[in-house]
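> need a structure here:
(one chain, ligands or ions: 2)
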Amino acid sequence: MQMKKPRIVITMGDPTGVGPEIIAKALADPAVRECCRHLVVGDEFAMSRGIALTGTGFRIETSESVPFEEPADGVITLRKVTSLSAEDLCYGQPTIASGDAVFRSICHAADLCLKGEADGMATAPINKGALNRAGHRYPGHTELLAELTGADRVVMMLAGARLRVALVTIHEALVRVPALVTFEQVLETIRITHRDVHRYFTRNPRIAVLALNPHCGEGGMFGDEESRIIAPAVQAARQEGIDATGPLSADTLFHFAVHGAYDAVVCMYHDQGLIPLKLLHFDDGVNVTLGLPIIRTSVDHGTAYDLAGTGKASAESMKAAIMMAAAMAGSRREESGAP
Ligand SMILES: NC(=O)C1=CN([C@@H]2O[C@H](COP(=O)(O)OP(=O)(O)OC[C@H]3O[C@@H](n4cnc5c(N)ncnc54)[C@H](O)[C@@H]3O)[C@@H](O)[C@H]2O)C=CC1
Ligand SMILES: NCC(=O)COP(=O)(O)O
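Ligands and ions are numbered 1, 2, ... in the order given. Model (predicted):
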């Protein structure tokens, strides 16, 4: 029996950024079209502009009630959630209305996933400032999706073929990080990373856990979070049967991780993990939210206002995000034994 392809809903992201154009380019790739049935959620004018700009020649079919038909060649299926005016679509100049449109697309896509009408979502980039100015007080998709889906704890993981990094703290001022690196938070990050990497990517993953301070705190001379918090959390994870190792010095660990010693690296703060990840995988890295009851992937880059409207932005990360969501949906289907 031929299996139906997974249904992946794609949010347009900030319509004044590169989102629509990278979606058009991504959906022009036969491998992306082959991996899933898509439904783009967003603004029709913004999407048609992205199509024109990229010369992809798609025709938009709007779908109000029957999403996820197998789209004909040359068609992008779109669920319209807004009809923004030209003033709200100036490249690089998000408005309250375009910030609100971002929110509505994400809510709509999450709702489809929660109702079982989609198998996963892949998101184009948003501007967090614009989202907040529109009155939606979330640091990003991750926290908004956690709330929408009722998830207690989520973990931001960025993944490429050579490296996966999972974050203990996400969008926090550096000065606040030490207080947020708690035993509970480190242990929960290790647990969620282990569970979802095992579930979707590789069995019994080997997890490296980084130190916060240089040289693992140098025996307390440069800080004691390693001995007080991180080592006990690693120990507790090991007692639960998780293959976790650490704390390990962040300056050297990535060398070993990318040479195959670990399947995921738990990092204490945003740039500790994202700098090495983007160095290796800026083009094709994927942001995955672990710990949600639904599947959500995203590009690893931002709205790239300097490129928006030029058609030059790379769509490789968008393609990788859609294909990863489809692959994750396939794993979930196998796990459930569904045909
Ligand atoms: N997944 C998401 O929704 C993300 C959203 N952001 C948001 O994006 C906004 C801008 O953030 P920045 O730090 O400036 O990062 P950015 O990723 O938008 O831009 C950084 C640099 O990378 C380049 N770049 C980005 N995407 C590219 C692509 N697809 N192809 C070629 N070059 C590309 C840009 O032209 C720029 O030079 C912020 O509001 C931030 O919050 C940032 C990261 C992820
Ligand atoms: N730096 C990654 C990023 O900003 C993505 O955030 P989110 O919108 O996926 O929560």
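> Pull out the buried positions in stretch 195-207.
Applying a neighbour-count criterion of 16 or more other C-beta atoms under 10 Å, one finds 196-198, 200-201, 205-207 buried in stretch 195-207. No exception for glycine: its C-beta is placed from N, CA and C like everyone else's.
> Would you mind listing what in the stretch 201-339 of the chain touches ligand 1?
Applying C-beta under 6 Å from any ligand atom, one finds that the stretch 201-339 of the chain approaches ligand 1 through 287, 298-299, 301-304, 306-307, 313-314.
> Try it again at 8 Å.
When proximity is defined as C-beta under 8 Å from any ligand atom, the stretch 201-339 of the chain approaches ligand 1 at 282-283, 287, 298-307, 312-318.
> Quick one, which of those residues are buried?
287, 298-301, 303-305, 307, 313-318.
> In helices, which of the residues you listed fall?
Among those, the members falling in helices (DSSP state H) are 316-318.
> now the residue of the stretch 201-339 of the chain found nearest ligand 1, nearest residue through space, not along the chain?
Residue nearest to ligand 1 within the stretch 201-339 of the chain: Gly302 (2.2 Å; C-beta to the nearest ligand atom). Once flanking residues are discounted, Gly302 sits nearest to Pro125: 5.0 Å by C-beta to C-beta, 6 or more residues apart in numbering.
> hmm, back to that, turn the ones in helices among the buried ones among the residues of the stretch 201-339 of the chain next to ligand 1 into TSV, including distance to ligand 2 and pLDDT.
Converted to TSV, those look like this (distance: C-beta to the nearest ligand atom, whole Å; pLDDT from 0 to 100):
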residue	distance to ligand 2	pLDDT
Glu316	17	97
Ser317	11	98
Met318	13	98
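> residues from the stretch 51-200 of the chain in reach of ligand 1?
Residues of the stretch 51-200 of the chain lying near ligand 1 by C-beta under 8 Å from any ligand atom: 123-130, 140-141.
> In JSON lines, list those residues along with distance to Asp73 and pLDDT.
Compiled in JSON lines, those are given as follows (distance: C-beta to C-beta, whole Å; pLDDT from 0 to 100):
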{"residue": "Thr123", "distance to Asp73": "25", "pLDDT": "98"}
{"residue": "Ala124", "distance to Asp73": "22", "pLDDT": "98"}
{"residue": "Pro125", "distance to Asp73": "27", "pLDDT": "98"}
{"residue": "Ile126", "distance to Asp73": "30", "pLDDT": "98"}
{"residue": "Asn127", "distance to Asp73": "33", "pLDDT": "97"}
{"residue": "Lys128", "distance to Asp73": "36", "pLDDT": "96"}
{"residue": "Gly129", "distance to Asp73": "38", "pLDDT": "96"}
{"residue": "Ala130", "distance to Asp73": "34", "pLDDT": "96"}
{"residue": "Gly140", "distance to Asp73": "35", "pLDDT": "96"}
{"residue": "His141", "distance to Asp73": "31", "pLDDT": "97"}
